[in-house]
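Q: Build me a structure from this.
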Amino acid sequence: LRRPPEIRPKFLTVYFDEVDTAGHEYGPDTTQTTQAAARVDAAIQALLAGLKDLGQPANLVVVSDHGMAATSSTRTIALDKLLDPKLYHLVETGTFASITPLPGMDAQVEKALLVPHEHMQCWRKADIPARFHYGSNPRVPPILCLAEPGWLVLANAPSKPSVGGNHGYDNMVPEMNSLFIATGPAFAAGKVLPDFENVEVYPLLRQLMGLPVATGVDGNGAVFRGAFSRR
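A: Next up is the predicted model:
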């Protein structure tokens, strides 16, 4: 940013992993995660101070891609308690599980999973709720099981106690809400926006950089129309 205008970058990104790392390891509501957030706050403060010293106006957009829910080894769904592991191939486990029945085993797997379960809901690929925007790709396995926030779907019961945090739950639950803060000459001060989906960040950045309007993309940036400075 000290470079002359003709070769100065117009768009810069920086990623802080500390809050996510602490949230996974210790849980979102712990002292360790709060301390990690404080370290990131200090880093952003240093960035703002550096911009001020340079006399370099800049629009800062601070985002996160997901929230975090507290997890525990006491809140797990063990799939091997519901059906024989020899009947299926387990692709993923965690906040959700994706499952491919072995040849000829579809009916048995569906009978065990596609019924009401405490703390978990399962769907055939074709029946995954449309609002998840998930399931049309050929790589998505035939069955998806989604855990209730704070629960984990695992191959079997944990062998030792543990706590932590995770994301990947229903994106509409409060624990999955994420952060958005924008400041700089382009923005009016004191504006509070309604909730919006993260796909809206792209059209905002495109507008800030003066790029042409794109077609065929998610998000239109309408939520930010009242947030810009009139200067």
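
Q: From here on, just use CA atoms for contacts and neighbour counts.
A: Fine.

Q: Could you point out the helix or strand that follows whichever helix or strand Ala182 is part of?
A: Using DSSP states H and E, Ala182 maps to strand 180-183. Once strand 180-183 ends, the next helix or strand along the chain (criterion: DSSP H and E) is helix 201-208.

Q: what's the distance between the residue positioned nearest the centre of the chain and Glu92?
A: The centroid of the chain falls nearest to His66 when counting by C-alpha atoms, centre = their mean (2.7 Å). Using C-alpha to C-alpha, to the nearest Å, His66 is found at 19 Å from Glu92.

Q: and what of Val163?
A: Distance from Val163 to Glu92, by C-alpha to C-alpha: 20 Å.

Q: next one: Asp53
A: Using C-alpha to C-alpha, Asp53 is found at 48 Å from Glu92.

Q: try Arg2
A: For Arg2, the distance to Glu92 - C-alpha to C-alpha - is 46 Å.

Q: Show me which of those two is the more surrounded one.
A: Shown here are Arg2 and Glu92; by other C-alpha atoms under 10 Å, Glu92 has more neighbours (16 against 11).

Q: Burial check on the residue nearest to Phe180 when sequence neighbours are not counted, number of neighbours?
A: Ranked by C-alpha to C-alpha, 6 or more residues apart in numbering and with sequence neighbours excluded, the top spatial neighbour of Phe180 is Val63, at 4.7 Å. Neighbourhood size, Val63 [other C-alpha under 10 Å]: 14.

Q: since we're on the closest residue to Ala155 other than its chain neighbours, how many residues are nearby?
A: Residue nearest to Ala155 in three dimensions, not counting chain neighbours: Leu79, with 5.1 Å by C-alpha to C-alpha, 6+ apart. Counted with other C-alpha under 10 Å, residues neighbouring Leu79 total 19.

Q: For stretch 205-214, C-alpha coordinates in PDB please.
A: Taking Å, rounded to 0.1, in the frame of the first residue of the first chain, the C-alpha atoms of stretch 205-214 are listed here in PDB:
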ATOM      1  CA  LEU A 205     -17.000  -6.200  -3.400                       C
ATOM      2  CA  ARG A 206     -17.600  -6.100  -7.100                       C
ATOM      3  CA  GLN A 207     -19.400  -2.700  -6.700                       C
ATOM      4  CA  LEU A 208     -16.600  -1.300  -4.400                       C
ATOM      5  CA  MET A 209     -14.000  -2.200  -7.000                       C
ATOM      6  CA  GLY A 210     -16.000  -0.700  -9.800                       C
ATOM      7  CA  LEU A 211     -16.300  -4.000 -11.800                       C
ATOM      8  CA  PRO A 212     -19.000  -4.600 -14.300                       C
ATOM      9  CA  VAL A 213     -22.200  -6.200 -13.100                       C
ATOM     10  CA  ALA A 214     -22.000 -10.000 -13.500                       C
END
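
Q: How far off centre is the longest helix anywhere in the chain?
A: For the chain, the helix with the greatest residue count under DSSP state H is helix 31-54. Relative to the centre of its chain, helix 31-54 is centred 22 Å away, using C-alpha atoms, centre = their mean, to the nearest Å.

Q: could you say what helices and strands that helix packs with?
A: In terms of contacts (3 or more C-alpha pairs under 8 Å, 6 or more residues apart in numbering; DSSP states H and E), helix 31-54 is packed against helix 18-26.

Q: tell me the mean pLDDT over the helix it packs on?
A: For helix 18-26, the mean pLDDT works out to 97.

Q: List the buried residues in it.
A: Going by neighbour count (16 or more other C-alpha atoms under 10 Å), the buried part of helix 18-26 is 18-20, 22-26.
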